[in-house]
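Visitor: Got a sequence here, can you build the structure:
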Amino acid sequence: MAIWFGISAIAAAWPQRAFGGTLFCAQGRVPSQSGEPVLRSEVDLQTVNVQVKSKQGSNVPELAAHDFTVLENGKPQKIAFFDVGNGPVTVAVLVDSSSSMASEGRLGSAAEIAARFMQIARPGDEIWAMDFTAWPGPFVQITQKQLSNPGPLTVPGAGGVGSAVYDAIATAICHLRSSSSLRQAIIVITDGVDQHSRLSLNQLIDLVRSQRAQLFMIGSPSRPEFRFFNHIEPKVTLVTGHDIDNPDVVFDRLAQEAGAETFIPKSENGLQDALKAVSNLLESEYTLAYYLPKTSRKLRRIEVKVNRRGARVLTSRFIAANPDAAELVHYVEGTCAVSPKFHPYPYESQVTDGPSGTVYRDDFSDRSSGWPQHPGSHYVSGGYELSTVERKSADITQPPPMTPETGISSSSTTIVATYRDKVVAAYGPSWHDFRVSARMKAVFERPLRSDTNKQFSHPVHPAAGLVFRMNEKGYYALLVSPSAEEHKKKLAFEVVAMTFQGDSFAESVIVPWTAVDWASPTEAQLVVQDIADQITIFVNGQQVGAAHDHRFTDGYVGFTVSAPAHASFSNLLVEQR
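Guide: From the prediction side, this is the model:
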């Protein structure tokens, strides 16, 4: 089961590809009909950044415009502008400081990495830096005067947890629109684990294609406990049940489709080599430009040929350049933050303001409200269901005997079920002080001892309940289960803390199993109030327990079941306190 906020360390075998195909155009902040600014391109001249390599992989210098042929959608274009690595470059350095990044493998802060790049940049280059997590930090310019100042060089951190890589890149593109430089580059240091972007990978690729800034991705390792080796699927699943883009796929698609250049350093020295390589690429690349032919196509195929035997051209394959294209990305007015209004999270349609603050309610009637959709966690009629059953099959332990009438026995078979130990689904806003309630209907199968049940390697206790304050460190869970005194109509509950430890969990009991009266054998109204370090538990409207614990200060709410069981939940209500 995928670990929360965690994905595999970036594979060292990611290919390095050339970047090109960015848009050289006048860009402006254009208000939409709603009044919010959007990023729009007014296109007359299209630039294409090109690297030319020999068979040995070295740069091919001293080429002229007549050595190149540019084709758009197969048709030759007249080269109107040609240059070789001249002119200043505006560079934005973005550093992911989210919890998924390996602290021991982190390559440095935004300020440190921007300072390193400035030391190898050319005079006149403009360097900016930005730290980001689930939201972007300030976009800060790094000057030569700052570097020569003996005092500390700092870029304010973004704060928060999680990571929004796609939104951070979009934010940098927005900031660079005011740059006077005709040549722009964005360097992103990240593990590629994007959990919180409002934009999709496809939207980011379209945006990068439509802007002039070149994109350079420098891979940094994820935390060791968040290991997911050998993933080849486009999506991987977090412990919350949500799917995110496989980081390997993110880097590969950006390289393939948006013309990004990828580097995977394994040390601080490797980072310096990667930064130097970016500087060399910007200095040695050829820039070709042509006037765009009129066409209604948004996506145009680009091909560049060079008149040199054995030389190969590295550039992007497509550009998004349509003067009449719809607005790509909306930003919050007066800022470069991606607009929640125009790019909302699915849960935000369920959020309102209450007397004490934010209120989040979901009756699960809208199946697009954002909760995970998997065989073990999915929407059902009137609620949301979790189940530990992975599959059931018929197991015939002995061959049936022959009979004179039918030739085979009609004896019954045994149904064998395969279970997951635990299923968790969490979603919605992150909470600090809150009260969460939900109605639960559960079916608990009889607990089986490990020596009689081959499906489990340890004793099991079927249970279901709420999870809360789920974050990068772990989560709390309120679990309920039938009491051993079933004939007395009682249920039992406990509260545990599940802390991420290595690539698994360490469970700590906060409130041990406690029996309470149970009016129904299948239903219970569960309520948790968590304010500061005070956890208060209610079952069926009655306070049944309380405890203090300060392990987790904020996080998401959700549901859980432990094998062998399944449960449905309805009328989720979370209120800020």
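Visitor: Show me the helices in the stretch 101-250 of the chain, by range?
Guide: 110-120, 144-148, 165-176, 201-209, 247-257 (DSSP state H, counting those that start in this stretch).
Visitor: The closest residue to N540 other than its chain neighbours bridge partners, please.
Guide: Once flanking residues are discounted, N540 sits nearest to Q525: 5.2 Å by Cβ to Cβ, 6 or more residues apart in numbering. Quick note: C-beta positions are derived from backbone N, CA and C, even for glycine. Q525 forms beta bridges with R439, as assigned by DSSP bridges.
Visitor: before we move on, the earlier item: buried deepest among the helices of the stretch 101-250 of the chain, which one?
Guide: Greatest average neighbour count among the helices of the stretch 101-250 of the chain goes to helix 165-176 (a mean of 25), per mean count of other Cβ atoms under 10 Å.
Visitor: Could you give the separation of that one from the chain centroid?
Guide: 15 Å (Cα atoms, centre = their mean, to the nearest Å).
Visitor: and the angle from it to helix 201-209?
Guide: 20 degrees (axes from the mean of the first three to the mean of the last three Cα atoms, to 10 degrees).
Visitor: Which strands or helices does helix 165-176 pack on?
Guide: When contacts are defined as 3 or more Cβ pairs under 8 Å, 6 or more residues apart in numbering; DSSP states H and E, helix 165-176 packs onto strand 37-42, strand 89-96, strand 126-132, strand 183-190, helix 201-209.
Visitor: got those as a markdown table, with distance to L275 columns?
Guide: Converted to a markdown table, those look like this (distance: least, Cβ to Cβ, whole Å):
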| stretch | distance to L275 |
| --- | --- |
| strand 37-42 | 27 |
| strand 89-96 | 9 |
| strand 126-132 | 11 |
| strand 183-190 | 7 |
| helix 201-209 | 20 |
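Visitor: Pick the most deeply packed of these.
Guide: strand 89-96 (a mean of 26).
Visitor: From the contact counts, what lies against that strand?
Guide: Applying 3+ Cβ pairs under 8 Å, 6+ apart, one finds that strand 89-96 contacts helix 110-120, strand 126-132, helix 165-176, strand 183-190.
Visitor: Quick check: mean pLDDT of the shortest one?
Guide: This predicted structure assigns strand 126-132 an average pLDDT of 92.
Visitor: same thing with the third one?
Guide: Confidence for helix 165-176, expressed as mean pLDDT, is 96.
Visitor: Show residues contacting it.
Guide: Contacts with helix 165-176, where a contact means Cβ atoms under 8 Å, 6 or more residues apart in numbering, come from 39, 90, 92, 94, 96, 128, 130, 132, 135-136, 139, 184, 186, 188, 190, 192-194, 196-201, 203-204, 207-208, 211, 213, 215, 250, 329, 331, 336-338.
Visitor: what about 6 Å?
Guide: Contacting residues not belonging to helix 165-176 are listed as 39, 92, 94, 132, 136, 139, 184, 186, 190, 194, 197-199, 204, 207, 211, 213, 329, 331, 336, 338 [Cβ atoms under 6 Å, 6 or more residues apart in numbering].
Visitor: just to revisit the earlier point, lowest average confidence across the helices of the stretch 101-250 of the chain, which one?
Guide: Mean pLDDT across the helices of the stretch 101-250 of the chain is lowest at helix 144-148; the value there is a mean of 73.
Visitor: Output it in PDB, but only the C-alpha positions, please.
Guide: Output of helix 144-148 as PDB, limited to C-alpha atoms (Å, rounded to 0.1, in the frame of the first residue of the first chain):
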ATOM      1  CA  GLN A 144      25.400  40.100  -7.600                       C
ATOM      2  CA  LYS A 145      25.400  42.700  -4.700                       C
ATOM      3  CA  GLN A 146      23.600  40.200  -2.500                       C
ATOM      4  CA  LEU A 147      26.200  37.500  -3.300                       C
ATOM      5  CA  SER A 148      29.100  39.800  -2.400                       C
END
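Visitor: Work out the gap between it and the centre of the chain.
Guide: 35 Å.
Visitor: Span of stretch 328-348 from start to end?
Guide: Terminal residues of stretch 328-348 lie 21 Å apart, using Cα to Cα, to the nearest Å.
Visitor: What residues of it count as buried?
Guide: 328-331, 336-339, 342-343, 345, 347-348 (16 or more other Cβ atoms under 10 Å).
Visitor: swap in stretch 47-59?
Guide: Of all the residues in stretch 47-59, those buried under the rule 16+ other Cβ under 10 Å are 47-53, 59.
Visitor: related to what we said a few turns ago, so for R177, which of the helices and strands packed on helix 165-176 sits nearest?
Guide: Minimum separation from R177 across the helices and strands packed on helix 165-176 (Cβ to Cβ) falls at strand 37-42, 6.8 Å.
Visitor: From N540, how far off is V516?
Guide: According to Cβ to Cβ, to the nearest Å, V516 and N540 sit 8 Å apart.
Visitor: just H432 next, same as before
Guide: H432 sits 27 Å away from N540, going by Cβ to Cβ.
Visitor: In the chain, where's the longest strand?
Guide: Ranked by number of residues, the top strand in the chain under DSSP state E is strand 504-517.
Visitor: pull the CA atoms of that one into PDB?
Guide: Output in PDB follows, covering the C-alpha atoms of strand 504-517 (Å, rounded to 0.1, in the frame of the first residue of the first chain):
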ATOM      1  CA  SER A 504       5.300   0.900   7.300                       C
ATOM      2  CA  PHE A 505       3.400   2.100  10.400                       C
ATOM      3  CA  ALA A 506       4.100   2.000  14.100                       C
ATOM      4  CA  GLU A 507       0.800   1.800  16.000                       C
ATOM      5  CA  SER A 508       0.400   3.400  19.500                       C
ATOM      6  CA  VAL A 509      -2.700   2.900  21.500                       C
ATOM      7  CA  ILE A 510      -4.100   6.200  23.000                       C
ATOM      8  CA  VAL A 511      -7.400   4.900  24.300                       C
ATOM      9  CA  PRO A 512      -7.500   1.100  24.700                       C
ATOM     10  CA  TRP A 513     -10.500  -1.000  23.600                       C
ATOM     11  CA  THR A 514     -13.500   0.100  25.700                       C
ATOM     12  CA  ALA A 515     -17.000  -1.400  25.600                       C
ATOM     13  CA  VAL A 516     -20.100   0.800  25.300                       C
ATOM     14  CA  ASP A 517     -23.800   0.200  24.800                       C
END
